[in-house]
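A.B. asks: Sharing a model prediction with you, sequence too.
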Amino acid sequence: MQFVVAILKKLPWATIGALVIGLVLGLVWAYILFPAQFIDATPSYLRSDLQVDYMRMAIDSYRLNQSPDLAVQRWQNLGAGAQTAYAAVQTDPKGADPAVIRAYGELVTQVLSANGDQTAVDPNAAAGASSSLTRTAVIGIGLVLLLGVLAAGGLYLYRLLGNRGSGEVTAVMQASEISRNAEKTNFEQLGLAPPITQTMTTYVLGDDLYDESFSIDTQAGEFMGEYGVGVSEAIGVGDPKKVTALEFWLFDKNDIKTATKVLMSQHAFNDPGIRARLEPKGELIQVEPQAQILLETATLQLLATVVDLEYGKGPMPTNSYFERITLELAVWPRQG
């Protein structure tokens, strides 16, 4: 039961609420405010069994009122399904006089042949129905796109704002402020070429959804790859997550393999069980302040610098989880 409660607490209820509200508004819009309307449609839009019933009624009416115009009009109302419905009535008259069925068919054939008119559907009715269906399709597609945007926006706002309504400064807000104020390395002063892209990213305890990714593009706008960092391992139980390892990665469009390394707390690095779980992800590295870690692919190299590091203090092993960690990620084209 406690496991279920823990899962429920971690669900993004703001996102779920936005999705439900968007769905309800979409249904109200589509079915109450602006429902699709079929106006002056012909029986050609009926199911095949109902078209057969309509043909039986048309033949029975012809038996009582032998109007050629009315008989032909009812045939044409069935459109392309008229011949099939007529054949079904011939096969199974269900008490109808076969002579009347035959006479009806001969009359319709004679009139249509004489007029040279094989039109099966009233053009105006078909156009009206088509227009109505098109409007419905456009509205449906628009609602799907709107729901997608609402869901994505809800997730972003949930992660960004958290409990902002209560006046609390969230972990994401703290991390954003720290990254903004961190001083970037001037690599040109160090005698290095300026990187293609250079980013500061910060994890703060409480940001359980921490997962940052960035695009690598040339000055001409050509896509070269992506890089990022996210939560790899947590220890203990309860909220917030006690993150003990992060993984950062580099994707190169010219390489078949994504390069990955795992940045571990001092406790995690020395824990055989945690090491065994994380070794398949990439090279394991113990985080140290000001440490620099290099990732390389076929045509790119990423230098990660640990700008700031603070461990959490609580009822957990010493130096086992991060209270805060700021990384500087800089990417260059790989020479040679």
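C.D. replies: Perfect, I can see it now.

A.B. asks: Show the contacting residues for Glu212.
C.D. replies: Thr201, Gly228, Val229, Gly230 (Cβ atoms under 8 Å, 6 or more residues apart in numbering). Using the backbone N, CA and C atoms, a C-beta is placed for each residue, glycine as well.

A.B. asks: name the element it belongs to?
C.D. replies: Assignment of secondary structure by DSSP states H and E places Glu212 within strand 211-217.

A.B. asks: Tell me the buried residues in that strand?
C.D. replies: Judged by neighbour count (16 or more other Cβ atoms under 10 Å), strand 211-217 contains these buried residues: Glu212, Phe214, Ile216.

A.B. asks: would you turn these into CSV with pLDDT?
C.D. replies: What follows is the buried residues of strand 211-217, written out as CSV (pLDDT from 0 to 100):
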residue, pLDDT
Glu212, 91
Phe214, 93
Ile216, 92
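
A.B. asks: out of those residues, who's nearest Glu188?
C.D. replies: Among the buried residues of strand 211-217, Ile216 lies closest to Glu188 (Cβ to Cβ), at 19.3 Å.

A.B. asks: So the closest one sits against Glu226, correct?
C.D. replies: Yes - counting by Cβ atoms under 8 Å, Glu226 is a contact partner of Ile216 at 6.2 Å.

A.B. asks: How many residues are close by Val262?
C.D. replies: The local packing of Val262 (other Cβ atoms under 10 Å) involves 24 other residues.

A.B. asks: cool, and Gln76?
C.D. replies: Neighbours around Gln76, by other Cβ under 10 Å: 19.

A.B. asks: Now it: which helix or strand?
C.D. replies: Counting by DSSP H and E, Gln76 is found in helix 68-77.

A.B. asks: Which elements pack onto whichever strand or helix holds Val229?
C.D. replies: If you go by DSSP H and E, Val229 is part of strand 223-235. On a contact count with 3 or more Cβ pairs under 8 Å, 6 or more residues apart in numbering; DSSP states H and E, strand 223-235 meets strand 197-204, strand 211-217, strand 242-252, strand 259-264, helix 266-269, helix 272-278, strand 300-311, strand 322-333.

A.B. asks: From the recorded domain assignment, give the ranges for this structure.
C.D. replies: Split into domains by automatic domain parsing, the chain comes to 2-38+125-161, 43-121, 171-333.

A.B. asks: Could you grab the helix/strand/coil label for Gln66?
C.D. replies: Assigned state for Gln66: coil (three-state reduction, DSSP: H, G, I helix; E, B strand; the rest coil).
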